[in-house]
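Novice: quick check, what structure comes out for this input:
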Amino acid sequence: MNSIHSNFNILLDLPAYLGKKILFISEITPDRSKFYNWIPIKGLKQLVYQGLKAVDMAWTIVKTKEPYDIIIIFEHKPWYSILLYLVCAIKRKPTFFIVHGFQQTYKLSTSRTLGFKLLLFFEKRFKFYPIHLEKTDHDYDDCLKFYKSGIYMLTPLPEDSNERLAKPADSVLKIGIVGMIRPDKPIMPIIKILENYSSNDAEVETHIGTPFWQLPDELKKMAINLTDTTSSEQYNSFIKSLDIVINYYEKEHFYHRSSGVLNDAVNGGCFVIVPNYPLFKEQISNPVKVGETYENIEDIKRAIDKAIEYLSNNVVEFEKWRQIRTKEIILKDLSRQMLDVL
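Specialist: Here you go, the predicted model:
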């Protein structure tokens, strides 16, 4: 059973570190499209789609005959998962689940709030253990917290991680915006700033990498450097062509979430510029500085200036950043924390 997020598949080797048998549960489930493709209402179709996934995940546990000691849920959505929680509670096995921004997204709707509170109910009363990304929620000050908050792991590096080639000394400094274009990750405010940006310290180019199948018409009409990143090869190649990656994330969607794009960018040898949110700050400073933060849109130009100044005067220690995120280091540390609660 693999994770939707392939870099988390390193956990499949966790049994060797724990000395215990693990049942892995994922949102990768059988195709049930015949049950919802005919539904004309988008919201109802999504409800059925996600509900069936949760049922399949619960059924995987029910039908498993091989003995296991622990359940690990790679990814799930609490607001669809009451059946999954009930099955895990009935099985009475320690159940660990990776926290993919639950403490952020629960605020977005009533159903998500109820779903997260349901998860907290089970977590308090049964052997449910959250695995946070980058840091625990101990110092979160404006959201619901888990009762058991001591376990965390650094976000694993991409499976196809490769070293980037050294750039020519006299090459142009390339600043890029990377990833899917979504309402919670708007890029137009950054584009407007970069269009008028100039630096006394370097010649700067602006690049945008995104899957072309969802490229807005507005961008197609602009005179900017566009790269298709539909495939993983295109995505990785684009990241490695950049010096700085800058992204904007809406606070209401990302304040308590880590970023996969940020992780990929730093791993690819890019200095990053991101909002001043708790998990982002952790990602770009542990154990060495690999990025700069900004407070708001108006502060982005200052952050770019600081990033260029830092790159001009320092060697960024990307290898040190990668070293604590290797498979062996992550699994050793995670297994130690898990054994402490078992």
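Novice: going forward, measure contacts and count neighbours with C-alpha atoms only.
Specialist: Fine.
Novice: the strands in the stretch 101-250 of the chain, which residues?
Specialist: Ranges of strands within the stretch 101-250 of the chain are 128-133, 152-153, 173-178, 204-210, 225-228, 244-246, based on DSSP state E, counting those that start in this stretch.
Novice: pipe the ones you listed into JSON lines and attach distance to Thr60 and mean neighbour count per row.
Specialist: Formatted as JSON lines, the strands of the stretch 101-250 of the chain follow (distance: least, Cα to Cα, whole Å; neighbours: other Cα atoms under 10 Å):
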{"stretch": "strand 128-133", "distance to Thr60": "18", "mean neighbour count": "24"}
{"stretch": "strand 152-153", "distance to Thr60": "25", "mean neighbour count": "20"}
{"stretch": "strand 173-178", "distance to Thr60": "36", "mean neighbour count": "22"}
{"stretch": "strand 204-210", "distance to Thr60": "35", "mean neighbour count": "19"}
{"stretch": "strand 225-228", "distance to Thr60": "37", "mean neighbour count": "16"}
{"stretch": "strand 244-246", "distance to Thr60": "40", "mean neighbour count": "25"}
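Novice: now mean pLDDT too, for these, in a markdown table please.
Specialist: As requested, these are exported to a markdown table (pLDDT from 0 to 100):
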| stretch | mean pLDDT |
| --- | --- |
| strand 128-133 | 96 |
| strand 152-153 | 95 |
| strand 173-178 | 92 |
| strand 204-210 | 90 |
| strand 225-228 | 92 |
| strand 244-246 | 95 |
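Novice: make TSV out of those strands and add distance to Lys91.
Specialist: Shown next, in TSV, are the strands of the stretch 101-250 of the chain (distance: least, Cα to Cα, whole Å):
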stretch	distance to Lys91
strand 128-133	12
strand 152-153	24
strand 173-178	42
strand 204-210	43
strand 225-228	46
strand 244-246	45
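Novice: pLDDT below threshold where in the stretch 201-342 of the chain?
Specialist: Within the stretch 201-342 of the chain, the stretches with pLDDT under 70 are 201.
Novice: quick revisit: quick one: closest of the strands of the stretch 101-250 of the chain to Ser81.
Specialist: strand 128-133 (13.6 Å; Cα to Cα).
Novice: tell me what the closest one is packed against?
Specialist: strand 95-98, strand 152-153 (3 or more Cα pairs under 8 Å, 6 or more residues apart in numbering; DSSP states H and E).
Novice: check the offset of that strand from the chain's centre.
Specialist: 15 Å (Cα atoms, centre = their mean, to the nearest Å).
Novice: name every strand pairing with that strand and say which way it goes.
Specialist: Sheet pairing for strand 128-133, assigned by DSSP bridges, gives strand 95-98 (parallel), strand 152-153 (parallel).
Novice: circling back: any chance of the helices and strands packed on strand 128-133 in a markdown table with distance to Ile61 as columns?
Specialist: Putting these into a markdown table (distance: least, Cα to Cα, whole Å) gives the following:
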| stretch | distance to Ile61 |
| --- | --- |
| strand 95-98 | 11 |
| strand 152-153 | 24 |
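Novice: select, out of those strands, the one closest to Leu331.
Specialist: Using Cα to Cα, the nearest of these to Leu331 is strand 152-153, at 8.6 Å.
Novice: ok, residues contacting the closest one?
Specialist: 131-136, 330, 333-334 (Cα atoms under 8 Å, 6 or more residues apart in numbering).
Novice: and which of the residues you listed is nearest to Asp31?
Specialist: Ile131 (28.0 Å).
Novice: was I right about that closest one contacting Phe97?
Specialist: Yes. Between Ile131 and Phe97 there is a contact at 5.8 Å, judged by Cα atoms under 8 Å.
Novice: look up how far Ile246 lies from Glu292.
Specialist: For Glu292, the distance to Ile246 equals 9 Å [Cα to Cα, to the nearest Å].
Novice: joint contacts of the two?
Specialist: 272-274.
Novice: wait, is Phe24 part of a strand?
Specialist: Yes. Judged by DSSP: H, G, I helix; E, B strand; the rest coil, Phe24 forms part of a strand.
Novice: show me what contacts the closest residue in space to it that isn't next to it in sequence?
Specialist: Of all residues not flanking Phe24 in the chain, Ile72 sits nearest, at 5.0 Å (Cα to Cα, 6 or more residues apart in numbering). When contacts are counted by Cα under 8 Å, 6+ apart, Ile72 is found next to 22-25, 95-97.
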